[in-house]
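**Q** Fold the following, please.
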Amino acid sequence: MFDPDSDRAREVAADYAAYVVGGTHAEIGTALGQRFPVFGPTAGEMHPDHLDFARACRDETARLFPELVEEIDAQAKAAGRSADDVLWHYCLNVGAPPARAAGTGSANCSSVGVMTAAGPVIARNYDFFYFETWRHLVTVQPRRGLAHTGMWPGLLGGRYDGVNAAGVWVSIHGGGCRPPAQASPGVAFHHLCRI
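**A** Below you'll find the predicted structure:
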């Protein structure tokens, strides 16, 4: 049920923040884990088949971007969770996270990129669900690799969008779904933005 007063109150109370973290990927993960709680089902709360699938997705992520797995492991540890207890973040649709709050709203984000005489101009709106209260604009300056700035909603290792030091911009929009019965392990959408 649509309740504009409740939605407005949640929007005003949302956690907006902007900050810079840097160092090795493990140091970045530790800094984020100390700043931000880890959410999502633990390994014990996931179905064994889904747990195996999430491990296979983690392995695929490690093959393509091992530093990201290092960062996620460090973030989990700093937040008091084990690496197994954050496997859900490698495959979000293998089990629903615990409810953070009931809410209404929609998620119909839009983005646009235009090339001007002065260079590219990019814009993005966030049509967050009102229960998504963590809205952090993070600049990451890794010791090795390109720095980037992007929106971080708390998904370990992930971003909804971002622009890196080479000027590459990526933005994702999703509606969410369940994987097909014969899904192949891969890299989660929010990790693709990082890669």
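**Q** By mean pLDDT, flag the weakest helix or strand of this structure.
**A** Using mean pLDDT, DSSP states H and E, strand 119-125 stands out as the lowest-scoring helix or strand of the chain, at a mean of 81.
**Q** Buried residues, stretch 73-84. List them.
**A** Residues of stretch 73-84 classed as buried by neighbour count (16 or more other Cβ atoms under 10 Å): 73, 74, 75, 76, 77, 78, 79, 81. C-beta: built from backbone N, CA, C; applies to glycine.
**Q** Point out where this protein drops to low pLDDT.
**A** The model of the chain has pLDDT under 70 over residues 1, 93-108, 128-129, 174-182.
**Q** Give the next helix or strand downstream of the least confident helix or strand of the chain.
**A** strand 134-142 (DSSP states H and E).
**Q** okay, now residue 52: neighbour count?
**A** 14 (other Cβ atoms under 10 Å).
**Q** next one: residue 166
**A** 8.
**Q** Kindly report the same for residue 113.
**A** When counting by other Cβ under 10 Å, one arrives at 11 neighbours for residue 113.
**Q** Likewise for the one 10 residues further on?
**A** Neighbour count for residue 123, taken as other Cβ under 10 Å: 10.
**Q** The closest residue to it other than its chain neighbours: helix or strand, and which one exactly?
**A** Closest residue to residue 123 apart from its sequence neighbours, by Cβ to Cβ, 6 or more residues apart in numbering: residue 112 at 5.3 Å. For residue 112, the element it lies in under DSSP H and E is strand 110-116.
**Q** what do you get for residue 26?
**A** Applying DSSP H and E, one finds residue 26 within helix 25-35.
**Q** Please enumerate residues in contact with that helix?
**A** 19, 21-23, 67-68, 70-79, 138, 140, 142-144, 152 (Cβ atoms under 8 Å, 6 or more residues apart in numbering).
**Q** Please point out which parts of the longest helix along the chain sit buried.
**A** Taking DSSP state H as the criterion, the chain has its longest helix at helix 48-64. Neighbour counts over helix 48-64 (16+ other Cβ under 10 Å) mark 50, 51, 53, 54, 55, 56, 57, 58, 60, 61 as buried.
**Q** now swap in stretch 151-166 and tell me
**A** By neighbour count with 16+ other Cβ under 10 Å, stretch 151-166 contains the buried residues 151-152, 154-164.
**Q** Using CSV, write down the CA coordinates of the longest helix of the chain.
**A** Once non-C-alpha atoms are left out, helix 48-64 reads as follows in CSV (Å, rounded to 0.1, in the frame of the first residue of the first chain):
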residue,chain,number,x,y,z
PRO,A,48,22.8,-26.2,0.3
ASP,A,49,22.2,-26.0,-3.5
HIS,A,50,22.2,-22.2,-3.4
LEU,A,51,25.3,-22.2,-1.2
ASP,A,52,27.2,-24.4,-3.7
PHE,A,53,26.1,-22.0,-6.5
ALA,A,54,27.2,-19.0,-4.5
ARG,A,55,30.6,-20.6,-3.9
ALA,A,56,31.0,-21.3,-7.6
CYS,A,57,30.1,-17.6,-8.3
ARG,A,58,32.8,-16.6,-5.7
ASP,A,59,35.3,-18.8,-7.6
GLU,A,60,34.4,-17.1,-10.9
THR,A,61,34.8,-13.6,-9.3
ALA,A,62,38.2,-14.7,-7.9
ARG,A,63,39.3,-15.9,-11.3
LEU,A,64,38.5,-12.5,-12.9
